[in-house]
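Participant: coords please:
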Amino acid sequence: MLCANPQHLSWTEDSPSPSHSIRLQRNCSASPRTLLAVLGGLSAVSLTIGLAFWMMNAPWVLFFSGVEVLAVAVAFLVHARSVADSDTLVLTAFEVQIIQERQGKVQSFSFNRSLLRVGMTAGFDPCIALHSGGQTVTFGLGLRPAVRRAVCRQLQKDLAHASARECVHKLQAVLAQAGVRAVVLA
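Facilitator: Coordinates of the predicted model:
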C-alpha cells in the first residue's frame, strides 16, 4: 500500500454546539497527482514493451500489456476510493453519532448515550462495535487492531460517565500514545 501512516485523527474542541468529535481517516503519503504520475509511468513502460514486441510480429504481447494497464488502473482507482474512507464519532451530553464515509457514500447513525454498549466484533480482524436498540455499527476500520482495543476500552470506561469533552480528550490521549497522529481543527 502506498500509505505511510494509515491513521489520521482530528477533532473539534470549540464549536458553537455542545458537541465534540473525533474523525478517523486514512492518511496517504502520496498525493493524487503522484499516483497518477506513477500510473502513467507504469502504463508507458508496459505499452512501450508491448509495441516493441508487436513490431517483431508478436501482437499478443501488446494485447496483454493493454490488459495489464487496465488492471493496474482499476487497482489504483479502488485504492483511491478507499483512502477517502473515514469514521467520525460525534459526542454530545445525551447522544453519540457515528458518521461513516465508505466508497463515497455517507451514512449516519445516532444512539442514546446512556443505552449504548461498546464492544469488539468477533473474528480475525475485530472492530469496535457500538450496540443500542438492536442496531450495531462498527467503528475504526482504519486503526490497527491493538489501537482498536485500546479505543474500545477507553470508550467503555468513559462513555457513560465522562462529559463529551473529557471523553474526546481521553480518546485523543489513547490514540496519541499509540502513535496515531493527532491534528487539532479550529
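Participant: quick one: the helices in the chain?
Facilitator: Listed in chain order, the helices of the chain (DSSP state H) span 32-55, 59-83, 145-158, 164-177.
Participant: any chance of JSON lines for the ones you listed, columns distance to G119, mean pLDDT and mean neighbour count?
Facilitator: Heads up, the C-betas are built off the backbone N, CA and C, glycines and all. Supplementary listing: the helices of the chain in JSON lines, determined by distance: least, Cβ to Cβ, whole Å; pLDDT from 0 to 100; neighbours: other Cβ atoms under 10 Å:
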{"stretch": "helix 32-55", "distance to G119": "37", "mean pLDDT": "93", "mean neighbour count": "14"}
{"stretch": "helix 59-83", "distance to G119": "25", "mean pLDDT": "91", "mean neighbour count": "14"}
{"stretch": "helix 145-158", "distance to G119": "7", "mean pLDDT": "90", "mean neighbour count": "18"}
{"stretch": "helix 164-177", "distance to G119": "16", "mean pLDDT": "83", "mean neighbour count": "17"}
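Participant: and stretch 118-138, C-alpha only, in CSV?
Facilitator: What follows is stretch 118-138, C-alpha atoms only, in CSV (Å, rounded to 0.1, in the frame of the first residue of the first chain):
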residue,chain,number,x,y,z
VAL,A,118,-19.4,-0.7,23.3
GLY,A,119,-17.5,-3.9,22.5
MET,A,120,-15.4,-5.7,19.9
THR,A,121,-16.7,-7.8,17.0
ALA,A,122,-15.6,-11.4,16.8
GLY,A,123,-13.3,-12.7,14.1
PHE,A,124,-9.9,-12.4,12.6
ASP,A,125,-9.8,-8.6,12.3
PRO,A,126,-12.1,-7.3,15.2
CYS,A,127,-13.5,-3.8,15.0
ILE,A,128,-15.1,-1.6,17.6
ALA,A,129,-18.8,-2.3,17.7
LEU,A,130,-21.4,0.1,19.1
HIS,A,131,-24.7,-1.6,20.1
SER,A,132,-28.1,0.0,21.0
GLY,A,133,-31.7,-0.9,20.4
GLY,A,134,-31.0,-3.7,18.0
GLN,A,135,-28.7,-1.6,15.9
THR,A,136,-24.9,-2.4,15.6
VAL,A,137,-22.3,-0.2,13.9
THR,A,138,-18.6,-0.9,13.5
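Participant: now that stretch: buried residues?
Facilitator: 118, 120, 127-130, 132, 137-138 (16 or more other Cβ atoms under 10 Å).
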